[in-house]
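Chemist: Test case, fold it:
(one chain, ligands or ions: 1)
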Amino acid sequence: MYVCVCKGVTCGEIRSAVCEQGVGSLRELSRQLGVATQCGRCAPCARRVLDDALGQRENASGCGLAADVAA
Ligand code: FES
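Modeler: So this is what the prediction gives:
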């Protein structure tokens, strides 16, 4: 699912940035993927996906990439 339409960033790309590239904040996510750098409407949704992925990363339960891709 697209989270940021302006930059064409998906939920899976955000999770991948968190799990594989160590992104840990919305600021880093913006720098890495360009999320919320144009209209900014995606920021609340991007934060929710980011927080969820961070929680999964910290719980060492994996990042749920397969589940997201399938959804
Ligand atoms: S939808 Fe993300 S900056 Fe516009």
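Chemist: make it CA atoms for all contacts and neighbour counts henceforth
Modeler: Noted.
Chemist: What segments of this protein are strands?
Modeler: Assigned by DSSP state E, the strands in the chain fall at 2-4, 9-10.
Chemist: Now render these as TSV, adding distance to the ligand, mean pLDDT and mean neighbour count.
Modeler: Listed next are those as TSV, based on distance: least, CA to the nearest ligand atom, whole Å; pLDDT from 0 to 100; neighbours: other CA atoms under 10 Å:
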stretch	distance to the ligand	mean pLDDT	mean neighbour count
strand 2-4	4	98	20
strand 9-10	8	98	20
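Chemist: Show the contacting residues for the residue nearest the centre of the chain.
Modeler: Central residue of the chain (CA atoms, centre = their mean): Ile14, 2.3 Å from the mean position. For Ile14, the contacting residues are Leu29, Ala46, Val49, Leu50, by CA atoms under 8 Å, 6 or more residues apart in numbering.
Chemist: out of those, which is most surrounded?
Modeler: Neighbour counts for those, by other CA atoms under 10 Å, peak at Ala46, which reaches 25 neighbours.
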